Structure formats: C-alpha cells, structure tokens
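>>> one predicted model, sequence on top.
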There are 2 protein chains.
Amino acid sequence: MNIGAVSKETGLPAKTIRYYEDIDLIKPLRDDNGYRQFRPRDVHMLNFLGRARALGFTIEHCRTLLALYEDETRASADVKRVARDHLKQIESKIEDLNAMRDTLGHLIDACAGDDRPDCPILRDLGGAS
Amino acid sequence: MNIGAVSKETGLPAKTIRYYEDIDLIKPLRDDNGYRQFRPRDVHMLNFLGRARALGFTIEHCRTLLALYEDETRASADVKRVARDHLKQIESKIEDLNAMRDTLGHLIDACAGDDRPDCPILRDLGGAS
DNA sequence: CTTGACCTTCCTGTCACTGGAAGCCTCATC
DNA sequence: GATGAGGCTTCCAGTGACAGGAAGGTCAAG
C-alpha cells in the first residue's frame, strides 16, 4: 500500500504519516523505487495513533501507548496511569477555559456593542479596579 | 524603569517583554547604555497584554484590542466583536475537551489497572468495534 | 579592582505538524 | 516515443508564543 491509499484509509494527511515515520513511530518498508510500502500492521498502528491523537494524547504519550499496545506482557495499570495523567491535564485545561469563558462572557454581556467608545471589556483589560 | 523592575511589576518574564517589543506591541525608549527604558504607559500596556493573554486572546487579537484601547474614537462594537469571536473559540475548545474527557473517563473506569495485560483503553485505541 | 547582578543580542528549541519547491516514478494517451 | 497528469521522494522554512542559553557589556557595592 502506498502512502496515498494509507492516507485515505486512515484519514491522516500524507505529511503527517511521513512525520510519524521521521520520529520513529512507524517503520514502513520501502519499494525498489523508494516508495514507502505500508503493511496492514503499519496501517493499524496509524489508526491507533489517529485515535490516540484525537483523544488529545501527546506524541510522547502515543509512543508509550503504542509500545504498551505491542507488548503482550504489559500491565493494564501502566496504560491506566498514562490515561489518568492525560485526563488530569484535560480537566485542568477545561477549568482554565471555563474561567476564561465566564469572565469573558460577563464582560461581553456588559458591553453595549454600539458606536460609542465606552467599553467594559477594555476597561477591565486596562486594569480598572 | 528597567526591564527587571517591569517584569516584577507586571508578572511577565523579561523574555516575554522583549518578545513583545520584537513584534512591535510595545516600543520602550532606550537609555544611552542600550537598556530599555519603560515609561508608565509601557508598563500599563504590558499589564493590558498580560490580562488579555490570560483570557486566552491571541497575540493578534491583543494587537487589535490594544489599538482599540488607544483609540479614543473606537466603537465598542468592534471590541465586542473580537471578544465574541474569541469566546466562540473558547467554547468550541471546551466542547472538544469535554468530549475527550468523557470518552477517556469511561475508558479509564473500564480499565482494571492491575498487572494483567487486558485493557479496554488499548482495545478502543486499537479499533475494537 | 573585583564580584555579582543586571542588561544586551543572537541562535536554537519547543510541539505537531503544514506548505512549498525541486525533482523522480508511473501510467495513460497520442 | 513523446507528453502530460498525478503520485511519490527529500529538504527547507514557517507556525504561536515564547524559553533556554551563550557571549559579552554595564553598574553599584565592598
């Protein structure tokens, strides 16, 4: 399977797939003409990566998870630890964003949004007490 | 005021302040020795930037907001538009993260987290239907 | 006069790609 | 056999918003 077909099947851009090879996440074979040759296993790994990335795992987390995936003697505790770490970061990000949303929402509500210069949003950013 | 003092007062790292000058957000004066000389107005603008960044506005949004802030003849509608744009992006990010959290949370709950290899998290990432 | 804290510029690295240029390879058509 | 389209290759540069660090100038205190 060539990179174009794999890209279609996995939904990952060819650029991304090349990048994943670059950083040694996958190791497709090569044809005589230099084209990458993807085995079903490679495609499978790419799908795994796509799903893990969609869940927001970093590339390094993905590397760990992929290694665990391939390791038949893994302990599910190791997987769970990585996932929980990541979940914590997600939750912390959500909290940050919620705080931003609330503040910004209040400011927006308070702003007339007309052609006059007076604006609570700017007043707040400017440091009004 | 030198950069160190400004850094302390605004809470922004000196590196960040230099960066903001680099991209023309602020234009402090220079002493004869080449040191940056910050006027109260510069410090004020940096505080503005710090607060806007804390609300998650991009640098380009900050540039726009700062220009509006300085413009006495602005229309508050312009400010409100920028803020609402940003709010939408925040809300969309929150939704993405909530979806991730839910999925990941379910998977984590389903994972025994012991020393056995069987793991619903990996099963899902691997493409179990 | 030296020490240590502060300041300067410049270069590199981050993260996970994305865009683009320049140049092969392959297949179909004329 | 020439041509053209589309796919593949590598390599280089850019993204956002800085952070780290090297090499060197400046300043106040002891």
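Arrived safely.
>>> can you tell me the element the closest residue to residue A:127 other than its chain neighbours falls in?
Closest residue to residue A:127 apart from its sequence neighbours, by Cβ to Cβ, 6 or more residues apart in numbering or on different chains: residue B:47 at 5.5 Å. For the C-beta atoms, the positions are set from N, CA and C on the backbone; glycine is no exception. Following DSSP states H and E, one finds residue B:47 within helix B:40-54.
>>> please identify the buried residues of the longest helix along chain A?
The longest helix of chain A (DSSP state H) is helix A:76-110. Residues of helix A:76-110 classed as buried under the neighbour-count rule (16 or more other Cβ atoms under 10 Å in any protein chain shown) are A:76, A:78-80, A:82-83, A:86-87, A:90-91, A:93-94, A:97, A:100-101, A:104, A:107-108.
>>> name all residues that make contact with residue A:59.
A:23, A:25, A:53 (Cβ atoms under 8 Å, 6 or more residues apart in numbering or on different chains).
>>> against residue A:53, how distant is it?
8 Å (Cβ to Cβ, to the nearest Å).
>>> how about residue A:27?
Taking Cβ to Cβ, one finds residue A:27 at 19 Å from residue A:53.
>>> which one's more surrounded, these two?
When neighbours are counted by other Cβ atoms under 10 Å in any protein chain shown, residue A:27 and residue A:53 differ, and residue A:53 comes out ahead with 16 against 12.
>>> so that one is in contact with residue A:62, correct?
Yes: counting by Cβ atoms under 8 Å, residue A:62 is a contact partner of residue A:53 at 6.5 Å.
>>> enumerate the residues of chain A near DNA strand C.
Counting by Cβ under 7 Å from any atom of the strand, the residues of chain A close to DNA strand C are A:13, A:15-16, A:19, A:32-34, A:53, A:58-60.
>>> what residue in chain A is the furthest from its centre?
In chain A, residue A:116 marks the outermost C-alpha relative to the chain mean, sitting 41.9 Å out by Cα atoms, centre = their mean.
>>> residues contacting whatever residue of chain A ends up closest to DNA strand D?
Here the residue of chain A nearest DNA strand D is residue A:4; by Cβ to the nearest atom of the strand that distance is 2.7 Å. Going by Cβ under 8 Å, 6+ apart, residue A:4 touches residue A:14.
>>> what's the burial count for the closest residue to residue A:43 other than its chain neighbours?
Distance criterion Cβ to Cβ, 6+ apart; nearest residue to residue A:43, sequence neighbours excluded, is residue A:6 at 5.7 Å. Residue A:6 has 21 neighbours, counted by other Cβ under 10 Å.
>>> and the angle from the host helix or strand of residue A:6 to helix A:40-54?
If you go by DSSP H and E, residue A:6 is part of helix A:3-10. Put simply, helix A:3-10 runs at 50 degrees to helix A:40-54, going by axes from the mean of the first three to the mean of the last three Cα atoms, to 10 degrees.
>>> chain center to the helix or strand following helix A:3-10, what's the gap?
On the C-terminal side of helix A:3-10, the nearest following helix or strand under DSSP H and E is helix A:14-22. Chain-centre distance of helix A:14-22: 15 Å, with Cα atoms, centre = their mean, to the nearest Å.
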